[in-house]
Each structure stands twice: as C-alpha cells, then as structure tokens.
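With the input below, show me the fold.
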Amino acid sequence: MQTNTQESLTDLSRQGAALAFFTAYDDLDTARMINLAAPDATVHFLPLGKDGVGTFWEFGKAVWDSLIDCFPDISNTVDSLSAEGNTVTANVSIGGTQAKEFMGIASKGFRFDSDHVFVFTFNEADQIQSLTINWDGASFAQQLGA
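Next up is the predicted model:
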C-alpha cells in the first residue's frame, strides 16, 4: 500500500506527464507527444465515434500531424488538471486558424476555439496507456463554416 506522500508524488508525476503532452502539442512536436505513451497505448477521439479509435503511436500521431498541418497556428491552454488514481483529467482550450481542408471541411480561413476534455490513463511506469478526448464536434465544424 502506498503512503499519501507516495500517492501525491505519483499524482504529480502523472500531471507532469499530461502537462508535458500539452507543451509538446503547443510546440507542434508530435514525436514528443507520442513518446510519452506506452508502445501499446490507445486513443479515442469521442466525437468521431468508432472511426476515432486507434493506436496512440500511429492513429493518434496521424490525427495530430493532420491538425498541425491544417491549423499551423494551433495552440492550447490547460484550464484545469486533476488526478485520481491512474487517471488525469485535463480541461483544455484549443484554437487555431484553418489553412487547409480538414476531415472534409474546406478551408475558409476561419478560426476555431473549442473546449476539450482529455482523460489520460497511466500505467505503473507513468506512461500514457490510453487517452480519451471529447469536444463539441458540431460547434467545431460550425466555427469552420461547414
């Protein structure tokens, strides 16, 4: 059984890993983002349904690479972060200006600003084991003029 101090250090380590993910995202560095995850980690972009589920290292990287390519000024702000057990939940504001077609939405040069909820699950080595991401997909599309 862990002591409260050990639990607090683990929570801080996992929160630090989540913040490192968002720092890498803000730096447009998908290699750093995915290197925080276990090799068998998964990701689920909830608004995309069953098409939004895949491996963190391949599918997740492809989605984030596409976002960065289509929204070259994409940035994020972590509004809140909480840890409980092996889970870290982050409320994050993400925004960017569309420069290229993204997921069937033609670029009109519009900007989106969207609140996202990221739920990270960590393994015992404090690597991301799974990540679930949710946002208002309809609002996102509407802001881009779809």
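
so what's the nearest residue to P39 once chain neighbours are set aside up against?
Nearest non-adjacent residue to P39, counting by CB to CB, 6 or more residues apart in numbering: W57, 6.6 Å away. For the C-beta atoms, the positions are set from N, CA and C on the backbone; glycine is no exception. Counting by CB atoms under 8 Å, 6 or more residues apart in numbering, W57 touches 34, 37, 39, 41.

looking at the residues you listed, which has the most residues close by?
Among those, A37 has the most neighbours (other CB atoms under 10 Å), with 25 neighbours.

any idea what sits nearest that one, other than its immediate chain neighbours?
Counting by CB to CB, 6+ apart, the residue nearest A37 is I128, at 3.9 Å.

Now do the SS call for the residue nearest to P39.
helix (DSSP: H, G, I helix; E, B strand; the rest coil).

can you list the weak-confidence ranges in this structure?
Residue ranges of the chain with pLDDT under 70: 1-9.
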